[in-house]
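Engineer: Mind looking at a prediction? Sequence and model below.
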Amino acid sequence: MLIIFLQILPLFIIIAFGWLLNKFNVANQSWLKPIGDFALYIGFPALIFGNLTVSKIDFNLVGDSFFRYSSLLIGVLFIFLLLINFITKSKTLKATYLISLLFGNAAFLGIPLLVSIDSSLSQIASLNAAVMLFWVFSIGLFIVERYTLEQPNTFRILKNLIKNPLLLSVLFGFLFNFLEIRIPKFIHLPIEMLGYAVSPMVMLMIGVFIAIHPPKSPKDLKLPLVYSFFKLLFFPFLGLITFYFLSKEIEISAITQFAMPAAITPFVLAERYKLNKEFICNSIIVSTILSLITIPTVINLIDYFNDLL
């Protein structure tokens, strides 16, 4: 566990540095949007496209990734929908909990974290992130709109899904790979450089965000702690047990990316759907801090169960 902890620790040191930059009045709220826009529209599309075109893809890998990550997300969604009526009657809170649960940081944190552990996981990590985004921006947002809007706008959801830069980067990455379109090195290299640049920038952004939105009181952390337990440990462990009985080998990237902390995206969507911003902010903070311990725990559990197979 110590080895995994030390491998992912540099990413969290950058998050802490972002927090310090805000405390020393260097970074502020104005940093978040440009960094977030760079990550969404340039950095991560470049990272994903570069990962998918650097070498030939085993397209069996695509099917496996889609099955594994879709099973995890849809399984959790099914359990959530069964239990949510016993937790709260408020449609706003139902939508808040749902979007916080589904929007894990599989792309912004998951991809660089897995690459830091094993660079050969770059392609599968990009695929997993794309599968998560596909389901969350389709079924996930449709259910959220059913909870919060009188007339869910299916056309708008599909339009936003088709325009999502991360999904487009996967589509073009697949297309270039399948058609065996060779990208000249002098073009592929700057694409890779943009991809390498995005991870530390996003880590800084997370640190600045945490510093700007501290919890108002310890009492406000109660529900985010419960949320973090389910998001970081319970549901990944449930998926781990399921794959243990169904698979010959438990693939590390699917479970690890599923165990990522809450993403910042739900906070951005909170304004549109009138969600509980306080819960979302505190969940991002608590789950991100705890994930420094829970992610190595999950990875070691994966290794343990693989040794049993």
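Structural biologist: Alright, I've got the coordinates.
Engineer: Remind me what the longest helix along the chain packs against, helices and strands.
Structural biologist: For the chain, the longest helix by residue count, based on DSSP state H, is helix 277-308. Packing partners of helix 277-308 (3 or more CB pairs under 8 Å, 6 or more residues apart in numbering; DSSP states H and E): helix 2-23, helix 91-102, helix 185-212, helix 222-229, helix 235-246, helix 252-258, helix 265-273. (C-beta placed from N, C-alpha, C; glycine too.)
Engineer: Including mean pLDDT, distance to L47 and mean neighbour count, could the ones you listed go into a markdown table?
Structural biologist: Converted to a markdown table, the helices and strands packed on helix 277-308 look like this (pLDDT from 0 to 100; distance: least, CB to CB, whole Å; neighbours: other CB atoms under 10 Å):
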| stretch | mean pLDDT | distance to L47 | mean neighbour count |
| --- | --- | --- | --- |
| helix 2-23 | 87 | 14 | 16 |
| helix 91-102 | 90 | 22 | 22 |
| helix 185-212 | 90 | 3 | 18 |
| helix 222-229 | 93 | 27 | 18 |
| helix 235-246 | 87 | 24 | 17 |
| helix 252-258 | 88 | 14 | 25 |
| helix 265-273 | 79 | 17 | 18 |
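Engineer: Contacts only, for I280.
Structural biologist: 96, 99-100, 262, 266-267, 270 (CB atoms under 8 Å, 6 or more residues apart in numbering).
Engineer: follow-up on the earlier one: quick one: which of the helices and strands packed on helix 277-308 is nearest V286?
Structural biologist: For V286, the closest of the helices and strands packed on helix 277-308 is helix 222-229, at 4.3 Å, according to CB to CB.
Engineer: residues in contact with that closest one?
Structural biologist: With CB under 8 Å, 6+ apart as the test, helix 222-229 has contacts from 97, 100-101, 261-262, 279, 282-283, 285-287, 290.
Engineer: if we go to 7 Å?
Structural biologist: 100, 279, 282-283, 286-287, 290 (CB atoms under 7 Å, 6 or more residues apart in numbering).
Engineer: got TSV for the residues you listed, with distance to S138 too?
Structural biologist: Below are those laid out as TSV (distance: CB to CB, whole Å):
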residue	distance to S138
S100	18
F279	24
N282	27
S283	23
V286	28
S287	24
L290	29
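Engineer: ok, which pair from those is furthest apart?
Structural biologist: The farthest-apart pair in these, when distances are taken by CB to CB, is F279 and L290, at 15.8 Å.
Engineer: Hey, what's the angle from the helix or strand encompassing G50 to helix 185-212? Just curious.
Structural biologist: Counting by DSSP states H and E, the element that carries G50 is helix 44-53. Helix 44-53 runs at 140 degrees relative to helix 185-212, counting by axes from the mean of the first three to the mean of the last three CA atoms, to 10 degrees.
Engineer: Redo the helices and strands packed on helix 277-308 as CSV? Include distance to L158.
Structural biologist: Shown next, in CSV, are the helices and strands packed on helix 277-308 (distance: least, CB to CB, whole Å):
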stretch, distance to L158
helix 2-23, 34
helix 91-102, 18
helix 185-212, 27
helix 222-229, 29
helix 235-246, 27
helix 252-258, 25
helix 265-273, 16
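Engineer: N300 is nearest to which of these?
Structural biologist: Evaluated over the helices and strands packed on helix 277-308, closeness to N300 peaks at helix 2-23, with 6.6 Å, by CB to CB.
Engineer: Please name every helix or strand in contact with the closest one.
Structural biologist: helix 110-117, helix 185-212, helix 277-308 (3 or more CB pairs under 7 Å, 6 or more residues apart in numbering; DSSP states H and E).
Engineer: any chance of these in CSV, with distance to D64 too?
Structural biologist: Shown next, in CSV, are the helices and strands packed on helix 2-23 (distance: least, CB to CB, whole Å):
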stretch, distance to D64
helix 110-117, 16
helix 185-212, 23
helix 277-308, 16
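Engineer: which one of those lies closest to F49?
Structural biologist: It's helix 185-212; of the helices and strands packed on helix 2-23, that one is closest to F49 (CB to CB) at 6.3 Å.
Engineer: ok and that closest one relative to helix 2-23, angle-wise?
Structural biologist: Using the same axes, to 10 degrees: helix 185-212 against helix 2-23 is 70 degrees.
Engineer: and helix 185-212, what does it pack onto?
Structural biologist: Other elements packing on helix 185-212 under the criterion 3+ CB pairs under 7 Å, 6+ apart are helix 2-23, helix 32-38, helix 44-53, helix 277-308.
Engineer: can you give me how far it is from the chain middle?
Structural biologist: Averaging C-alpha coordinates over helix 185-212 and over its chain gives two centres that are 15 Å apart (CA atoms, centre = their mean, to the nearest Å).
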